[in-house]
Structure formats: C-alpha cells, structure tokens
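S.K.: here's my sequence, what's the structure:
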Amino acid sequence: MSSTRAGTRARHAELLRLLHQGVTSVEDLAERLDVSPSTVRRDLGRLGADGTVARTYGGAMVAPFHERSVADSADRATAAKQAIARAALPLVPPDGQVFLDAGTTCGALARLIAGEPGLGDLTVVTRGLETATVLADVAHVEVHLLGGRLRRMSHGLVGPVASRSLAPYGFDRAFLGADAVDPARGIGEPTVEETTLKEQVAEASAGSVVLADASKLVPTTMPAWAVLAAPWTLVTDVADAELEARCSVAGVTLLPADAAE
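M.R.: Next up, the predicted model:
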C-alpha cells in the first residue's frame with residue numbers, strides 16, 4: 001500500500017469529520033485541510049460516488065445513513081477491505097475456534113483463511129451465508145452455521161434462534177463487521193437484533209476484533225449500538241492521531257491495516 005494512497009484515505013477521514021462538525025463549504029474545508037479547493041472538490045466527488053456525502057451548492061453535507069446490500073457493498077472500498085483482512089489474518093489462532101461475522105470485510109478475511117492451510121484444524125462459527133460458502137470446501141476449516149432468520153440486506157442470520165445457537169460456543173477470538181464504529185460506543189447497526197447478537201458473541205469470546213474501513217468511522221446516527229465486552233481491537237485502513245487518542249481513552253487496541261504491509 002503506497003503512502004500516497006494512505007494519505008488520501010486519511011484526508012478523506014478528516015474531511016468527513018469536518019463535515020460532521022458543520023464545516024461544509026469547499027473553501028473552508030480546503031483551508032482546514034491545507035489543500036487546494038480543487039483537491040477538496042475531487043475528494044468530495046469520490047465520496048459522493050460512494051454515497052458517503054451529498055454535494056450542495058459550494059460544498060457538501062454528510063449523507064444520512066443508508067444500509068447497503070451485500071451486493072452493493074462488495075463493490076466498495078475493496079482495496080481497503082483486503083488490506084484490513086491481511087492485517088487481521090495473523091490474529092486468527094491456529095487450531096482455535098473463532099466467530100467470523102457476516103459482511104464483505106469478514107468475507108475478505110474468510111478468503112484469506114481459505115488459502116492458509118498452516119492454520120491447522122480451525123473451527124469457524126458464522127452467521128454469514130457468504131462466509132460459510134467461502135469456507136465450505138476448505139479442508140483445514142470446520143464450519144458451523146448459526147440458525148435464525150436471514151436478513152436479506154446483510155445475508156446474516158439474526159433473531160432469538162441465532163442467539164440460542166450461540167449457547168454452546170466459546171471463542172478464542174471473534175471477528176466482527178459493522179455499519180458504524182465508535183471506540184467509546186462500540187458497533188452501530190441497523191437493527192437491535194444484530195447489536196444484541198454481536199454483544200453476545202463478544203461476551204462469549206476471549207477477545208473481539210472489529211474490521212471496519214474508514215467510511216465506518218465517521219460520526220453518524222445509527223438505530224442501534226452494541227457495547228462490546230473488553231478487550232477489543234479495531235482493524236482499519238486509516239489511523240490518524242485523533243482516532244488513536246479516542247481508542248486510547250476507550251481502552252481499544254488500534255491496528256492499522258498498514259501494519260501488515
């Protein structure tokens with residue numbers, strides 16, 4: 001991963017933070033970021049294409065939360081998700097039992113696990129259809145799929161049956177996806193069902209690892225939040241000084257994706 005690309009992602013994260021603080025004009029954003037207005041306009045164009053921001057006359061505003069389908073998410077931030085998965089792979093214990101969430105970033109980690117026979121006899125418990133499919137024919141992985149109701153948007157299993165399915169398990173490590181992440185609040189999700197299940201997974205694990213690209217780290221209003229049992233680790237593709245400070249205060253271990261490069 002080039003330093004130029006990492007710098008761009010860090011600038012995008014700072015731009016989003018400023019938008020949330022009410023700094024919305026191109027000129028003001030350029031001054032605060034110490035870049036040219038044309039650079040800000042280019043950044044806003046890229047973030048607008050992702051649906052992260054909405055352009056306004058002379059500036060932009062943060063777009064309201066809109067849950068994306070698995071198919072839509074699969075085409076977004078693919079390089080960042082792959083880098084996050086590479087950074088998280090060394091945290092997978094050989095011959096252990098792990099929980100691997102639904103979602104495209106956890107799916108990227110599942111693909112790496114599939115290509116790592118050196119992990120030994122690994123047991124993966126999942127609620128994600130794509131995750132289970134990726135690992136279904138991998139000789140060194142035993143796959144357990146939770147029961148429950150399927151959410152069409154995420155292809156993840158939720159509900160009381162899924163919660164009861166967790167009862168027999170204890171995890172060496174849990175790898176969780178998220179629609180939003182705040183070091184102090186935990187994981188933001190569209191439904192209480194999902195946050196409840198993720199809290200239960202974290203409680204059953206010796207340690208939780210949240211996989212989230214930079215777009216998930218900006219302040220946002222979410223319908224539900226999961227407070228994770230300590231300790232937990234955040235693996236992300238952007239780690240600036242502000243995020244490092246917030247993680248330190250919250251007791252969260254921050255692992256930048258660049259650490260695996």
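S.K.: helices of the stretch 51-200 of the chain, residue ranges please.
M.R.: 70-73, 78-88, 104-114, 129-135, 160-165, 192-203 (DSSP state H, counting those that start in this stretch).
S.K.: quick check: the spatially closest residue to Gly103 that is not a sequence neighbour vs Thr39, distance?
M.R.: Closest residue to Gly103 apart from its sequence neighbours, by C-beta to C-beta, 6 or more residues apart in numbering: Gly177 at 3.2 Å. Yep, even glycine has a C-beta here, placed from its N, CA and C like the rest. Distance, Gly177 to Thr39, using C-beta to C-beta, to the nearest Å: 31 Å.
S.K.: between these two, who's got more neighbours?
M.R.: Gly177 (28 against 17; other C-beta atoms under 10 Å).
S.K.: check contacts around the more buried one.
M.R.: Each residue near Gly177 by C-beta atoms under 8 Å, 6 or more residues apart in numbering is listed here: 101-106, 210-212.
S.K.: hey, where'd the strands end up in the stretch 101-250 of the chain?
M.R.: Secondary structure of the stretch 101-250 of the chain (DSSP state E, counting those that start in this stretch): strands at 122-126, 141-145, 149-151, 156-158, 173-176, 180-182, 186-189, 208-211, 224-226, 232-236.
S.K.: next one: the fourth one to chain centre, how far?
M.R.: Distance of strand 156-158 from its chain centroid, counting by C-alpha atoms, centre = their mean, to the nearest Å, is 17 Å.
S.K.: and that strand, what does it pack onto?
M.R.: Secondary-structure packing of strand 156-158 (3 or more C-beta pairs under 8 Å, 6 or more residues apart in numbering; DSSP states H and E): strand 149-151, helix 192-203.
S.K.: dump the ones you listed into a markdown table; add distance to Leu234 and mean neighbour count as well.
M.R.: As requested, the helices and strands packed on strand 156-158 are exported to a markdown table (distance: least, C-beta to C-beta, whole Å; neighbours: other C-beta atoms under 10 Å):
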| stretch | distance to Leu234 | mean neighbour count |
| --- | --- | --- |
| strand 149-151 | 24 | 15 |
| helix 192-203 | 13 | 21 |
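S.K.: wait, which of those is closest to Gln97?
M.R.: Counting by C-beta to C-beta, Gln97 lies closest to helix 192-203 out of these; the figure is 12.1 Å.
S.K.: hey, which of the helices of the stretch 51-200 of the chain is tucked in deepest?
M.R.: Among the helices of the stretch 51-200 of the chain, helix 104-114 has the highest mean neighbour count (mean count of other C-beta atoms under 10 Å), at a mean of 24.
S.K.: now do that helix against strand 232-236, angle only.
M.R.: 90 degrees (axes from the mean of the first three to the mean of the last three C-alpha atoms, to 10 degrees).
S.K.: helix 104-114 - what's its average pLDDT?
M.R.: Mean pLDDT, helix 104-114: 95.
S.K.: name the helices or strands packed onto it?
M.R.: So helix 104-114, by 3+ C-beta pairs under 8 Å, 6+ apart, packs with helix 78-88, strand 97-100, strand 122-126, helix 129-135, strand 173-176, strand 208-211.
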